[in-house]
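A.B. asks: just the structure for this:
(4 chains)
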2 protein chains.
Amino acid sequence: MSKGRKTRSAILSEALSAVSTEGFQGISIGMLADRLKMSKSGLFAHFGSKEELEKAVLEEAGQRFMAAVWTPAKAFPRGRPRIEAIFRNWMDWSLHTDGMPGGCVFMKLSAEVDEKPGPVRDQLSEMQARWQATLARSAQIAIEEGHFRPDLDPRQFAYEMQGILMALKYYRRLLRDEKAVERSQQAFADLLARSSVRH
Amino acid sequence: MSKGRKTRSAILSEALSAVSTEGFQGISIGMLADRLKMSKSGLFAHFGSKEELEKAVLEEAGQRFMAAVWTPAKAFPRGRPRIEAIFRNWMDWSLHTDGMPGGCVFMKLSAEVDEKPGPVRDQLSEMQARWQATLARSAQIAIEEGHFRPDLDPRQFAYEMQGILMALKYYRRLLRDEKAVERSQQAFADLLARSSVRH
DNA sequence: TGATCTTGCGAACGACCGTTCGTATATTCA
DNA sequence: TGAATATACGAACGGTCGTTCGCAAGATCA
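C.D. replies: Here you go, the predicted model:
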(Lines give C-alpha, C1' and ligand atoms only; values in the text may rest on other atoms or scores of the structure.)
Protein backbone atom coordinates (compact mmCIF):
# COMPACT_ATOMS: atom_id res chain seq x y z
CA MET A 1 0.00 0.00 0.00
CA SER A 2 1.53 3.28 -1.13
CA LYS A 3 2.07 6.19 1.22
CA GLY A 4 -0.74 8.13 -0.40
CA ARG A 5 -3.30 5.38 -0.04
CA LYS A 6 -2.30 4.92 3.57
CA THR A 7 -2.78 8.59 4.36
CA ARG A 8 -6.04 8.66 2.48
CA SER A 9 -7.25 5.71 4.49
CA ALA A 10 -6.31 7.41 7.76
CA ILE A 11 -8.15 10.53 6.68
CA LEU A 12 -11.26 8.52 5.89
CA SER A 13 -11.17 6.79 9.26
CA GLU A 14 -10.89 10.08 11.08
CA ALA A 15 -13.59 11.62 8.89
CA LEU A 16 -15.93 8.68 9.44
CA SER A 17 -15.50 9.00 13.18
CA ALA A 18 -16.16 12.72 13.11
CA VAL A 19 -19.12 12.42 10.77
CA SER A 20 -20.83 9.91 13.03
CA THR A 21 -21.18 12.56 15.70
CA GLU A 22 -21.11 15.83 13.76
CA GLY A 23 -22.48 15.01 10.33
CA PHE A 24 -21.06 16.29 7.06
CA GLN A 25 -21.92 19.86 7.95
CA GLY A 26 -20.09 19.54 11.23
CA ILE A 27 -16.75 18.51 9.85
CA SER A 28 -14.20 20.68 8.08
CA ILE A 29 -10.93 20.18 6.27
CA GLY A 30 -9.10 22.20 8.89
CA MET A 31 -10.47 20.21 11.79
CA LEU A 32 -9.54 16.89 10.21
CA ALA A 33 -6.09 18.23 9.36
CA ASP A 34 -5.57 19.26 12.97
CA ARG A 35 -6.61 15.88 14.33
CA LEU A 36 -4.32 14.10 11.90
CA LYS A 37 -1.50 16.58 12.45
CA MET A 38 -1.22 17.50 8.82
CA SER A 39 -1.83 20.65 6.79
CA LYS A 40 -5.19 21.66 5.34
CA SER A 41 -3.79 21.78 1.84
CA GLY A 42 -2.05 18.44 2.22
CA LEU A 43 -5.24 16.75 3.30
CA PHE A 44 -7.29 18.62 0.73
CA ALA A 45 -5.07 17.40 -2.11
CA HIS A 46 -6.26 13.84 -1.55
CA PHE A 47 -9.78 14.64 -2.61
CA GLY A 48 -9.83 17.90 -4.54
CA SER A 49 -13.05 19.13 -2.95
CA LYS A 50 -15.05 18.65 0.19
CA GLU A 51 -17.82 17.03 -1.81
CA GLU A 52 -15.42 14.40 -3.11
CA LEU A 53 -14.31 13.76 0.46
CA GLU A 54 -17.92 13.25 1.46
CA LYS A 55 -18.47 10.79 -1.36
CA ALA A 56 -15.34 8.90 -0.32
CA VAL A 57 -16.58 8.77 3.27
CA LEU A 58 -19.88 7.32 2.08
CA GLU A 59 -18.05 4.73 0.02
CA GLU A 60 -15.84 3.77 2.95
CA ALA A 61 -18.82 3.53 5.29
CA GLY A 62 -20.65 1.35 2.81
CA GLN A 63 -17.78 -1.09 2.59
CA ARG A 64 -17.44 -1.27 6.35
CA PHE A 65 -21.15 -1.80 6.77
CA MET A 66 -21.23 -4.62 4.28
CA ALA A 67 -18.18 -6.25 5.84
CA ALA A 68 -19.63 -5.99 9.33
CA VAL A 69 -23.29 -6.75 8.70
CA TRP A 70 -23.93 -8.47 5.41
CA THR A 71 -20.84 -10.58 4.74
CA PRO A 72 -20.89 -12.52 8.04
CA ALA A 73 -24.66 -12.98 7.75
CA LYS A 74 -24.27 -14.59 4.35
CA ALA A 75 -22.47 -17.48 6.05
CA PHE A 76 -25.67 -18.40 7.88
CA PRO A 77 -28.27 -20.73 6.37
CA ARG A 78 -30.70 -19.12 3.95
CA GLY A 79 -33.93 -17.85 5.38
CA ARG A 80 -34.74 -17.02 8.95
CA PRO A 81 -31.31 -17.79 10.48
CA ARG A 82 -29.67 -15.43 8.04
CA ILE A 83 -32.18 -12.70 8.80
CA GLU A 84 -31.61 -13.10 12.51
CA ALA A 85 -27.89 -12.76 11.88
CA ILE A 86 -28.45 -9.58 9.89
CA PHE A 87 -30.40 -8.10 12.75
CA ARG A 88 -27.75 -8.98 15.34
CA ASN A 89 -24.94 -7.62 13.18
CA TRP A 90 -26.87 -4.49 12.30
CA MET A 91 -27.59 -3.82 15.96
CA ASP A 92 -23.94 -4.33 16.84
CA TRP A 93 -22.94 -1.98 14.04
CA SER A 94 -25.33 0.61 15.38
CA LEU A 95 -24.12 0.20 18.97
CA HIS A 96 -20.38 -0.34 18.70
CA THR A 97 -18.46 2.83 19.27
CA ASP A 98 -14.96 2.00 18.06
CA GLY A 99 -14.39 4.16 15.03
CA MET A 100 -17.92 5.53 15.03
CA PRO A 101 -18.62 7.13 18.39
CA GLY A 102 -21.85 8.72 17.22
CA GLY A 103 -23.44 5.51 16.03
CA CYS A 104 -24.65 4.52 12.57
CA VAL A 105 -23.49 7.13 10.07
CA PHE A 106 -26.16 6.21 7.58
CA MET A 107 -28.99 7.20 9.88
CA LYS A 108 -27.18 10.41 10.73
CA LEU A 109 -26.58 11.26 7.10
CA SER A 110 -29.98 10.12 5.90
CA ALA A 111 -31.61 12.78 8.04
CA GLU A 112 -29.02 15.37 7.09
CA VAL A 113 -29.07 15.11 3.31
CA ASP A 114 -32.51 13.67 2.59
CA GLU A 115 -33.78 16.97 1.23
CA LYS A 116 -30.51 18.38 -0.02
CA PRO A 117 -30.23 17.61 -3.77
CA GLY A 118 -26.84 16.72 -5.17
CA PRO A 119 -24.49 13.84 -5.86
CA VAL A 120 -23.97 13.06 -2.16
CA ARG A 121 -27.68 12.65 -1.58
CA ASP A 122 -27.96 10.56 -4.75
CA GLN A 123 -25.16 8.26 -3.66
CA LEU A 124 -26.55 7.74 -0.18
CA SER A 125 -30.08 7.25 -1.46
CA GLU A 126 -28.92 4.61 -3.91
CA MET A 127 -26.89 2.76 -1.29
CA GLN A 128 -29.79 2.73 1.11
CA ALA A 129 -32.25 1.62 -1.55
CA ARG A 130 -29.94 -1.29 -2.33
CA TRP A 131 -29.82 -2.23 1.33
CA GLN A 132 -33.60 -2.20 1.60
CA ALA A 133 -33.70 -4.40 -1.49
CA THR A 134 -31.24 -6.77 0.15
CA LEU A 135 -33.40 -6.99 3.24
CA ALA A 136 -36.49 -7.63 1.15
CA ARG A 137 -34.67 -10.26 -0.87
CA SER A 138 -33.63 -12.01 2.35
CA ALA A 139 -37.24 -12.07 3.49
CA GLN A 140 -38.25 -13.45 0.09
CA ILE A 141 -35.73 -16.24 0.52
CA ALA A 142 -37.17 -16.99 3.96
CA ILE A 143 -40.56 -17.40 2.30
CA GLU A 144 -39.12 -19.75 -0.29
CA GLU A 145 -37.42 -21.74 2.45
CA GLY A 146 -40.75 -22.15 4.16
CA HIS A 147 -39.76 -20.12 7.19
CA PHE A 148 -41.91 -17.10 6.51
CA ARG A 149 -45.57 -16.97 5.58
CA PRO A 150 -46.18 -17.14 1.82
CA ASP A 151 -48.45 -14.10 1.96
CA LEU A 152 -45.82 -11.93 3.67
CA ASP A 153 -44.81 -8.81 1.75
CA PRO A 154 -40.97 -8.88 1.80
CA ARG A 155 -40.70 -5.13 1.26
CA GLN A 156 -43.08 -4.45 4.10
CA PHE A 157 -40.85 -6.66 6.25
CA ALA A 158 -37.84 -4.54 5.28
CA TYR A 159 -39.75 -1.36 6.07
CA GLU A 160 -40.63 -2.49 9.56
CA MET A 161 -37.14 -3.78 10.25
CA GLN A 162 -35.73 -0.40 9.24
CA GLY A 163 -38.16 1.31 11.60
CA ILE A 164 -37.10 -0.84 14.52
CA LEU A 165 -33.43 0.01 13.96
CA MET A 166 -34.14 3.71 13.52
CA ALA A 167 -36.10 3.80 16.75
CA LEU A 168 -33.13 2.10 18.40
CA LYS A 169 -30.83 4.95 17.48
CA TYR A 170 -33.42 7.48 18.61
CA TYR A 171 -34.12 5.85 21.97
CA ARG A 172 -30.49 5.14 22.69
CA ARG A 173 -28.68 8.20 21.34
CA LEU A 174 -31.17 10.98 21.91
CA LEU A 175 -33.32 9.74 24.78
CA ARG A 176 -30.50 7.80 26.44
CA ASP A 177 -33.06 5.15 27.28
CA GLU A 178 -31.38 2.18 28.96
CA LYS A 179 -34.05 -0.15 27.66
CA ALA A 180 -33.50 0.81 24.03
CA VAL A 181 -31.68 -2.35 23.06
CA GLU A 182 -34.20 -4.51 24.86
CA ARG A 183 -37.09 -2.78 23.10
CA SER A 184 -35.60 -3.22 19.66
CA GLN A 185 -34.98 -6.90 20.38
CA GLN A 186 -38.54 -7.29 21.58
CA ALA A 187 -39.88 -5.51 18.52
CA PHE A 188 -37.81 -7.62 16.16
CA ALA A 189 -38.72 -10.87 17.91
CA ASP A 190 -42.33 -9.88 17.45
CA LEU A 191 -41.80 -9.03 13.79
CA LEU A 192 -40.13 -12.39 13.28
CA ALA A 193 -42.92 -14.25 15.05
CA ARG A 194 -45.72 -12.72 13.04
CA SER A 195 -43.78 -13.15 9.79
CA SER A 196 -43.12 -16.84 10.38
CA VAL A 197 -45.42 -19.68 9.46
CA ARG A 198 -47.59 -21.31 12.15
CA HIS A 199 -48.08 -17.91 13.74
CA MET B 1 -49.03 42.05 19.51
CA SER B 2 -46.07 44.40 19.62
CA LYS B 3 -43.84 45.05 16.66
CA GLY B 4 -41.01 43.12 18.22
CA ARG B 5 -43.06 40.01 18.91
CA LYS B 6 -44.39 40.09 15.37
CA THR B 7 -40.90 40.24 13.90
CA ARG B 8 -39.69 37.55 16.22
CA SER B 9 -42.55 35.34 15.14
CA ALA B 10 -41.74 35.89 11.47
CA ILE B 11 -38.12 35.01 12.14
CA LEU B 12 -39.11 31.79 13.86
CA SER B 13 -41.37 30.78 10.97
CA GLU B 14 -38.62 31.36 8.46
CA ALA B 15 -36.10 29.58 10.68
CA LEU B 16 -38.40 26.61 11.19
CA SER B 17 -38.85 26.28 7.47
CA ALA B 18 -35.12 26.45 6.83
CA VAL B 19 -34.26 24.07 9.65
CA SER B 20 -36.61 21.43 8.32
CA THR B 21 -34.45 21.08 5.21
CA GLU B 22 -31.04 22.27 6.37
CA GLY B 23 -30.89 21.53 10.08
CA PHE B 24 -29.45 23.86 12.70
CA GLN B 25 -25.98 23.60 11.21
CA GLY B 26 -27.31 24.56 7.80
CA ILE B 27 -28.91 27.83 8.80
CA SER B 28 -27.17 31.09 9.59
CA ILE B 29 -28.16 34.50 10.88
CA GLY B 30 -27.12 36.10 7.60
CA MET B 31 -29.19 33.74 5.49
CA LEU B 32 -32.32 34.27 7.59
CA ALA B 33 -31.75 38.03 7.52
CA ASP B 34 -31.53 37.95 3.71
CA ARG B 35 -34.73 35.95 3.35
CA LEU B 36 -36.57 38.30 5.68
CA LYS B 37 -35.00 41.39 4.11
CA MET B 38 -33.57 42.64 7.35
CA SER B 39 -30.08 43.17 8.71
CA LYS B 40 -28.03 40.50 10.45
CA SER B 41 -27.64 42.60 13.56
CA GLY B 42 -31.32 43.49 13.64
CA LEU B 43 -32.32 39.85 13.51
CA PHE B 44 -29.61 38.84 15.91
CA ALA B 45 -30.83 41.31 18.54
CA HIS B 46 -34.02 39.32 18.97
CA PHE B 47 -32.19 36.35 20.42
CA GLY B 48 -28.73 37.39 21.56
CA SER B 49 -27.03 34.26 20.33
CA LYS B 50 -27.53 31.55 17.77
CA GLU B 51 -28.04 29.01 20.51
CA GLU B 52 -30.93 31.03 21.92
CA LEU B 53 -32.43 31.17 18.45
CA GLU B 54 -32.18 27.41 18.22
CA LYS B 55 -33.90 26.97 21.55
CA ALA B 56 -36.66 29.32 20.44
CA VAL B 57 -37.10 27.33 17.22
CA LEU B 58 -37.45 24.14 19.25
CA GLU B 59 -40.02 25.78 21.48
CA GLU B 60 -41.98 27.05 18.49
CA ALA B 61 -41.87 23.65 16.80
CA GLY B 62 -43.06 21.98 19.98
CA GLN B 63 -46.07 24.24 20.23
CA ARG B 64 -46.96 23.71 16.59
CA PHE B 65 -46.60 19.97 16.94
CA MET B 66 -48.85 19.82 19.94
CA ALA B 67 -51.44 22.05 18.28
CA ALA B 68 -51.41 19.97 15.10
CA VAL B 69 -51.11 16.47 16.50
CA TRP B 70 -52.04 16.20 20.15
CA THR B 71 -54.72 18.82 20.73
CA PRO B 72 -57.10 17.66 17.98
CA ALA B 73 -56.53 14.04 18.99
CA LYS B 74 -57.59 14.79 22.56
CA ALA B 75 -61.08 15.51 21.24
CA PHE B 76 -61.46 11.87 20.22
CA PRO B 77 -62.78 9.23 22.61
CA ARG B 78 -60.22 7.78 24.99
CA GLY B 79 -58.42 4.65 23.90
CA ARG B 80 -58.05 3.30 20.43
CA PRO B 81 -59.92 6.08 18.54
CA ARG B 82 -57.66 8.68 20.09
CA ILE B 83 -54.55 6.69 19.20
CA GLU B 84 -55.71 6.35 15.62
CA ALA B 85 -56.22 10.11 15.52
CA ILE B 86 -52.71 10.68 16.85
CA PHE B 87 -51.29 8.53 14.11
CA ARG B 88 -53.23 10.32 11.36
CA ASN B 89 -52.28 13.74 12.67
CA TRP B 90 -48.67 12.76 13.15
CA MET B 91 -48.47 11.42 9.61
CA ASP B 92 -50.03 14.60 8.27
CA TRP B 93 -47.57 16.66 10.29
CA SER B 94 -44.72 14.66 8.82
CA LEU B 95 -46.02 14.94 5.26
CA HIS B 96 -47.46 18.45 5.00
CA THR B 97 -45.02 20.84 3.43
CA ASP B 98 -46.48 24.26 4.21
CA GLY B 99 -44.04 25.90 6.55
CA MET B 100 -41.84 22.85 6.85
CA PRO B 101 -40.72 21.78 3.39
CA GLY B 102 -38.20 19.29 4.71
CA GLY B 103 -40.66 17.36 6.84
CA CYS B 104 -40.69 16.74 10.58
CA VAL B 105 -38.07 18.95 12.21
CA PHE B 106 -37.86 16.74 15.27
CA MET B 107 -36.59 13.77 13.32
CA LYS B 108 -34.12 15.99 11.50
CA LEU B 109 -32.85 17.53 14.70
CA SER B 110 -32.87 14.30 16.67
CA ALA B 111 -30.30 12.86 14.33
CA GLU B 112 -28.33 16.08 14.23
CA VAL B 113 -27.91 16.80 17.92
CA ASP B 114 -28.29 13.37 19.50
CA GLU B 115 -24.60 13.16 20.32
CA LYS B 116 -23.87 16.87 20.66
CA PRO B 117 -24.03 17.75 24.37
CA GLY B 118 -25.49 21.09 25.35
CA PRO B 119 -28.72 22.86 26.23
CA VAL B 120 -30.22 22.40 22.77
CA ARG B 121 -29.77 18.64 22.94
CA ASP B 122 -31.16 18.62 26.47
CA GLN B 123 -34.24 20.56 25.46
CA LEU B 124 -34.97 18.36 22.45
CA SER B 125 -34.34 15.19 24.39
CA GLU B 126 -36.71 16.24 27.12
CA MET B 127 -39.44 17.22 24.66
CA GLN B 128 -39.15 13.93 22.86
CA ALA B 129 -39.14 11.93 26.07
CA ARG B 130 -42.36 13.67 27.05
CA TRP B 131 -43.90 12.79 23.73
CA GLN B 132 -42.97 9.14 24.10
CA ALA B 133 -44.52 9.23 27.57
CA THR B 134 -47.67 10.73 26.08
CA LEU B 135 -47.86 7.95 23.52
CA ALA B 136 -47.33 5.31 26.20
CA ARG B 137 -49.97 6.94 28.38
CA SER B 138 -52.43 6.85 25.48
CA ALA B 139 -51.77 3.15 25.03
CA GLN B 140 -52.24 2.63 28.77
CA ILE B 141 -55.62 4.34 28.51
CA ALA B 142 -56.55 2.06 25.64
CA ILE B 143 -55.80 -0.90 27.87
CA GLU B 144 -57.95 0.53 30.64
CA GLU B 145 -60.75 1.12 28.16
CA GLY B 146 -60.59 -2.52 27.17
CA HIS B 147 -59.43 -1.76 23.63
CA PHE B 148 -55.89 -3.02 24.00
CA ARG B 149 -54.68 -6.29 25.50
CA PRO B 150 -54.06 -6.07 29.23
CA ASP B 151 -50.61 -7.63 28.82
CA LEU B 152 -49.49 -5.02 26.27
CA ASP B 153 -46.45 -2.97 27.26
CA PRO B 154 -47.48 0.64 26.59
CA ARG B 155 -43.90 1.83 26.26
CA GLN B 156 -43.15 -0.90 23.78
CA PHE B 157 -46.17 0.28 21.83
CA ALA B 158 -44.75 3.81 21.78
CA TYR B 159 -41.37 2.50 20.65
CA GLU B 160 -42.82 0.67 17.69
CA MET B 161 -45.04 3.57 16.72
CA GLN B 162 -42.01 5.85 16.72
CA GLY B 163 -40.16 3.39 14.49
CA ILE B 164 -42.98 3.32 11.96
CA LEU B 165 -43.00 7.11 11.70
CA MET B 166 -39.23 7.33 11.44
CA ALA B 167 -39.20 4.78 8.65
CA LEU B 168 -41.84 6.89 6.92
CA LYS B 169 -39.54 9.89 6.80
CA TYR B 170 -36.67 7.73 5.60
CA TYR B 171 -38.63 5.98 2.86
CA ARG B 172 -40.34 9.13 1.69
CA ARG B 173 -37.65 11.80 2.02
CA LEU B 174 -34.46 9.90 1.29
CA LEU B 175 -35.58 6.97 -0.82
CA ARG B 176 -38.44 8.88 -2.47
CA ASP B 177 -40.46 5.68 -2.29
CA GLU B 178 -44.00 6.29 -3.53
CA LYS B 179 -45.33 3.52 -1.34
CA ALA B 180 -43.91 5.05 1.85
CA VAL B 181 -47.25 6.31 3.16
CA GLU B 182 -48.96 3.06 2.31
CA ARG B 183 -46.29 1.07 4.13
CA SER B 184 -46.49 3.13 7.27
CA GLN B 185 -50.29 2.77 7.28
CA GLN B 186 -49.95 -0.97 6.82
CA ALA B 187 -47.40 -1.20 9.61
CA PHE B 188 -49.55 0.82 11.98
CA ALA B 189 -52.71 -1.11 11.17
CA ASP B 190 -50.76 -4.24 11.99
CA LEU B 191 -49.47 -2.76 15.23
CA LEU B 192 -53.01 -1.78 16.18
CA ALA B 193 -54.36 -5.22 15.34
CA ARG B 194 -51.86 -7.11 17.42
CA SER B 195 -52.22 -4.67 20.31
CA SER B 196 -55.98 -4.97 20.43
CA VAL B 197 -57.95 -7.59 22.32
CA ARG B 198 -59.37 -10.59 20.49
CA HIS B 199 -56.32 -10.69 18.27
C1' DT C 1 -47.79 66.30 20.94
C1' DG C 2 -43.53 65.14 23.31
C1' DA C 3 -40.52 62.08 25.93
C1' DT C 4 -39.26 57.37 26.47
C1' DC C 5 -38.38 53.05 25.32
C1' DT C 6 -38.21 49.60 21.56
C1' DT C 7 -36.63 48.05 17.40
C1' DG C 8 -33.52 47.90 13.51
C1' DC C 9 -29.32 49.30 10.92
C1' DG C 10 -24.34 49.58 9.22
C1' DA C 11 -19.82 48.88 9.96
C1' DA C 12 -16.50 46.32 11.84
C1' DC C 13 -14.29 42.39 14.58
C1' DG C 14 -11.52 37.96 14.70
C1' DA C 15 -12.16 33.28 13.39
C1' DC C 16 -12.83 29.86 10.27
C1' DC C 17 -14.46 28.15 5.73
C1' DG C 18 -13.11 25.71 1.06
C1' DT C 19 -9.87 26.37 -2.37
C1' DT C 20 -5.53 27.73 -5.21
C1' DC C 21 -0.69 27.74 -6.12
C1' DG C 22 4.22 27.53 -6.03
C1' DT C 23 7.63 25.06 -3.62
C1' DA C 24 10.02 21.63 -0.83
C1' DT C 25 10.61 17.04 0.60
C1' DA C 26 9.67 11.87 0.35
C1' DT C 27 8.90 7.96 -2.02
C1' DT C 28 9.34 5.07 -5.88
C1' DC C 29 11.45 2.47 -9.39
C1' DA C 30 14.81 2.12 -13.39
C1' DT D 1 22.28 5.75 -6.80
C1' DG D 2 19.75 9.08 -9.76
C1' DA D 3 15.83 10.81 -12.00
C1' DA D 4 10.98 11.04 -11.99
C1' DT D 5 7.02 11.20 -9.54
C1' DA D 6 4.00 11.36 -5.58
C1' DT D 7 3.02 13.60 -1.46
C1' DA D 8 2.84 17.36 1.81
C1' DC D 9 3.48 22.09 3.11
C1' DG D 10 2.84 27.35 3.91
C1' DA D 11 0.88 31.38 2.57
C1' DA D 12 -2.69 33.56 0.77
C1' DC D 13 -7.44 34.25 -1.49
C1' DG D 14 -12.39 35.90 -1.14
C1' DG D 15 -16.35 34.67 1.66
C1' DT D 16 -19.16 33.74 5.47
C1' DC D 17 -19.63 32.87 10.28
C1' DG D 18 -21.43 34.66 15.06
C1' DT D 19 -21.04 38.66 17.62
C1' DT D 20 -20.33 43.69 19.29
C1' DC D 21 -21.39 48.50 19.38
C1' DG D 22 -22.90 53.12 18.60
C1' DC D 23 -26.51 55.45 16.43
C1' DA D 24 -30.89 56.48 14.01
C1' DA D 25 -35.62 55.80 13.23
C1' DG D 26 -39.67 53.68 14.90
C1' DA D 27 -43.41 52.57 18.13
C1' DT D 28 -45.63 53.45 22.50
C1' DC D 29 -48.07 55.87 25.84
C1' DA D 30 -48.29 59.88 29.34
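A.B. asks: buried residues, stretch A:38-57. List them.
C.D. replies: Under the neighbour-count criterion of 16 or more other CB atoms under 10 Å in any protein chain shown, stretch A:38-57 has A:38, A:43, A:44, A:46, A:47, A:53, A:54, A:55, A:56, A:57 buried. All C-beta spots, glycine's among them, are computed from the backbone N, C-alpha and C.
A.B. asks: list the helices and strands the longest helix anywhere in chain A packs on?
C.D. replies: The residue-count maximum for a helix in chain A (DSSP state H) belongs to helix A:119-144. If you count contacts as 3 or more CB pairs under 8 Å, 6 or more residues apart in numbering or on different chains; DSSP states H and E, helix A:119-144 packs onto helix A:50-65, helix A:80-95, helix A:105-113, helix A:154-169.
A.B. asks: isn't residue A:24 up against residue A:53?
C.D. replies: No - counting by CB atoms under 8 Å, residue A:53 is not a contact partner of residue A:24; they are 9.0 Å apart.
A.B. asks: OK, contacts around the residue of chain A found nearest DNA strand D?
C.D. replies: Relative to DNA strand D, the nearest point of chain A is residue A:4 (2.1 Å; CB to the nearest atom of the strand). Counting by CB atoms under 8 Å, 6 or more residues apart in numbering or on different chains, residue A:4 touches residue A:46.
A.B. asks: that one sits in which helix or strand?
C.D. replies: helix A:3-22 (DSSP states H and E).
A.B. asks: any residue of that helix up close to DNA strand C?
C.D. replies: Yes - applying CB under 7 Å from any atom of the strand, one finds helix A:3-22 in contact with DNA strand C at residue A:3.
A.B. asks: list the buried residues of that helix.
C.D. replies: So, applying 16+ other CB under 10 Å, buried residues of helix A:3-22: A:7-8, A:11-22.
A.B. asks: so where is chain A shaky, pLDDT-wise?
C.D. replies: Within chain A, the stretches with pLDDT under 70 are A:199.
A.B. asks: try it again with 80
C.D. replies: Applying pLDDT under 80 to chain A flags residues A:97, A:198-199.
A.B. asks: and it, which residues reach DNA strand D?
C.D. replies: Going by CB under 7 Å from any atom of the strand, the residues of chain A near DNA strand D are A:2-5, A:7, A:33, A:37-43, A:45-46.
A.B. asks: neighbours around the nearest residue to residue A:23 once chain neighbours are set aside, how many?
C.D. replies: Distances taken as CB to CB, 6 or more residues apart in numbering or on different chains place residue A:112 nearest to residue A:23, at 4.8 Å, with adjacent residues excluded. Using other CB atoms under 10 Å in any protein chain shown, residue A:112 has 26 other residues around it.
A.B. asks: residues touching the residue most central in space within chain A, list them.
C.D. replies: Central residue of chain A (CA atoms, centre = their mean): residue A:106, 4.6 Å from the mean position. Applying CB under 8 Å, 6+ apart to residue A:106 gives the contacts A:61, A:65, A:124, A:127, A:128.
A.B. asks: change it to 10 Å
C.D. replies: Contact analysis of residue A:106 by CB atoms under 10 Å, 6 or more residues apart in numbering or on different chains lists A:20, A:58, A:61-62, A:65, A:93-94, A:124, A:127-128, A:131, A:165, A:169, B:170, B:174.
A.B. asks: buried ones in stretch A:144-163?
C.D. replies: Buried, per 16+ other CB under 10 Å, within stretch A:144-163: A:147-148, A:152-163.
A.B. asks: between the residues you listed, which is nearest DNA strand C?
C.D. replies: After measuring the buried residues of stretch A:144-163 against DNA strand C - CB to the nearest atom of the strand - the closest member comes out as residue A:162, at 30.2 Å.
A.B. asks: isn't that closest one right up against residue B:171?
C.D. replies: Yes - taking contacts as CB atoms under 10 Å, residue A:162 lies within contact range of residue B:171: 7.7 Å.
A.B. asks: shared neighbours, those two?
C.D. replies: A:128, A:132, B:183.
A.B. asks: chain neighbours aside, what residue packs nearest to the second one?
C.D. replies: Nearest non-adjacent residue to residue A:132, counting by CB to CB, 6+ apart: residue A:158, 5.0 Å away.
A.B. asks: over to the last one?
C.D. replies: Leaving aside its chain neighbours, residue B:183 sits nearest to residue A:159 (4.5 Å; criterion: CB to CB, 6+ apart).
A.B. asks: what distance do you get for that neighbour to residue A:139?
C.D. replies: 10 Å (CB to CB, to the nearest Å).
A.B. asks: same deal with residue A:25?
C.D. replies: Here residue A:25 is placed at a distance of 35 Å from residue A:139 (CB to CB).
A.B. asks: cool, residue A:169 as well?
C.D. replies: Counting by CB to CB - residue A:169 and residue A:139 are separated by 22 Å.
A.B. asks: next: residue A:177.
C.D. replies: 28 Å.
A.B. asks: between these two, who's got more neighbours?
C.D. replies: residue A:139 (24 against 18).
A.B. asks: quick one, phi psi at residue A:178?
C.D. replies: phi -70, psi -20 (degrees, to the nearest 10).
A.B. asks: number of nearby residues for it?
C.D. replies: With other CB under 10 Å as criterion, residue A:178 counts 9.
A.B. asks: OK, contacts around residue A:52?
C.D. replies: A:44, A:46, A:119, A:120.
A.B. asks: residues touching the first one, list them.
C.D. replies: Right, the one you point to is residue A:44. Neighbours of residue A:44 in contact, by CB under 10 Å, 6+ apart: A:29, A:30, A:32, A:33, A:38, A:50, A:52, A:53.
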